[in-house]
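>>> Sequence and predicted structure below; questions after.
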Amino acid sequence: MEYLGYLASIVIGLSLGLIGGGGSILTIPILVYLFKVNPELATSYSLFIVGITSITGSFSHYKMGNLQLKSALVFAIPSIVSILIIREVIFPQIANTLFTIASYTVSKNLLIMIVFSVLMILASISMIKKRPEKDSFTETNFTQLAIIGFVVGIVTGFLGAGGGFLIIPALLFFANLPMKQAVGTSLLIISINSIIGFAGDVYIGTPIDYKFLITISIMAFIGMLIGTQLSKKIDGSKLKPLFGWFVLVMGIYIIVKELFF
């Protein structure tokens, strides 16, 4: 299962490099089901893996001229605030056992996986659904961009997911960016959010296996390089629906497995 996990880790980077999102959606299931990492710890590991991989991808997109720094910062700053509130204040206060119904116990780890699977299903719908063409406006709505940034930070903080499926539509419709620039800018935002979230976890004493993390990150890094190069030749938006169907099946599988097995 570990070898399968390392192979699957390449797909994390491949997805991030090619379509600017989706990689973090795969990271938690890979860590939990293939490497048997505790779900709560997996959210911390996911932040590191996705953050490091996204930094590499955003640098590659910067060299290709696909980064809009101002839009990225307007989005990322409120995201950072909500991430730190969730991970350093709210998350540690959630009890390991939430409640019991008859003989069925709802734990913190179960809550993480169920909420994450719902996120996967929502993300898959976003990927599958064909986006309407953008209006002809050229002005960036920085207020709405910042609000969405705060919301994405909540998702990232609770689940360790980068939120690329939310970031890219925001950049397309509120920052008025072309698809390739939205992908590159999304990677920069994801890297900022994820690394700061992980740094916060280290600060509060979360136990980290750095050797394991670096190994997974190297595999994801290889996938990122491949995905970034492929993005020059392949339109990632055309591959997104196919990836969306895969994420949908995975989300349903997690719900069934966690609730009934």
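Happy to help now that I have it. Since the structure is predicted, the reported quantities are computational estimates derived from the model, not experimental observations.

>>> Tell me the helices and strands packed up against the helix or strand harbouring residue 46.
Residue 46 is part of helix 39-63, with elements assigned from DSSP states H and E. Counting contacts by 3 or more C-beta pairs under 8 Å, 6 or more residues apart in numbering; DSSP states H and E, helix 39-63 is packed against helix 2-19, helix 23-29, helix 108-128, helix 142-159, helix 179-203, helix 210-230. Every residue, glycine included, has its C-beta placed from N, CA and C.

>>> Could you list the low-confidence segments of the stretch 101-250 of the chain?
131-138, 162-163, 165, 235-237 (pLDDT under 70).

>>> how far away is residue 65 from residue 7?
Distance, residue 65 to residue 7, using C-beta to C-beta, to the nearest Å: 32 Å.

>>> neighbour-wise, which of those two wins?
residue 7 (13 against 10; other C-beta atoms under 10 Å).

>>> Compute the number of surrounding residues for the nearest residue in space to the more buried one that is not next to it in sequence.
In space, and not counting its chain neighbours, residue 7 is closest to residue 219: 7.8 Å by C-beta to C-beta, 6 or more residues apart in numbering. Applying other C-beta under 10 Å, we find 20 residues neighbouring residue 219.

>>> Ok, residue 103 next?
When neighbours are defined as other C-beta under 10 Å, residue 103 has 5 of them.

>>> same deal with residue 156?
Using other C-beta under 10 Å, residue 156 has 32 neighbouring residues.

>>> List the single closest residue to residue 13 in space, sequence neighbours excluded.
In this structure, residue 13 finds its nearest non-sequential neighbour in residue 223, 2.9 Å apart by C-beta to C-beta, 6+ apart.

>>> so who does the one you found touch?
9, 10, 11, 12, 13, 14, 15, 16, 17, 53 (C-beta atoms under 8 Å, 6 or more residues apart in numbering).

>>> Which one (most neighbours) among these?
Scoring the contacts of residue 223 on neighbours with other C-beta under 10 Å, the highest-scoring entry is residue 53 at 36 neighbours.

>>> Residue 109 touches residue 42, doesn't it?
No - assessed by C-beta atoms under 8 Å, residue 109 is found out of contact with residue 42, at 9.2 Å.

>>> Quick one: classify residue 176 as helix, strand or coil.
coil (DSSP: H, G, I helix; E, B strand; the rest coil).

>>> distance of it from residue 182?
Residue 176 sits 10 Å away from residue 182, going by C-beta to C-beta.

>>> Now for residue 233, how many residues are close by?
6.

>>> is it true that residue 234 lies in a strand?
No - counting by three-state DSSP, residue 234 is not found in a strand; it is coil.

>>> Tell me the spacing between it and residue 183.
Look at residue 234 and residue 183: by C-beta to C-beta, they are 12 Å apart.

>>> same thing with residue 7?
To residue 183, residue 7 is 24 Å away according to C-beta to C-beta.

>>> Residue 261 now?
For residue 261, the distance to residue 183 - C-beta to C-beta - is 36 Å.

>>> what about these two, which has more around it?
Counting neighbours by other C-beta under 10 Å for residue 261 and for residue 183 shows that residue 183 has the greater number, 31 against 5.

>>> Confirm for me that that one is in contact with residue 61.
Yes - between residue 183 and residue 61 there is a contact at 6.9 Å, judged by C-beta under 8 Å.

>>> secondary structure class for residue 105?
Per three-state DSSP, residue 105 ends up strand.

>>> Ok, residue 140 next?
With three-state DSSP as the criterion, residue 140 reads coil.

>>> From what I see, it and residue 75 are in contact.
No - using C-beta under 8 Å, residue 140 makes no contact with residue 75, being 10.6 Å away.

>>> what about residue 176 and residue 182, which has more around it?
Neighbour count, other C-beta under 10 Å: between residue 176 and residue 182, residue 182 has more, with 26 against 19.

>>> can you pull the contacts of the more buried one?
By C-beta under 8 Å, 6+ apart, residue 182 lies in contact with 20, 168, 171, 172, 175.

>>> residues contacting the third one?
By C-beta under 8 Å, 6+ apart, residue 171 lies in contact with 68, 71, 75, 145, 177, 181, 182, 185, 186.
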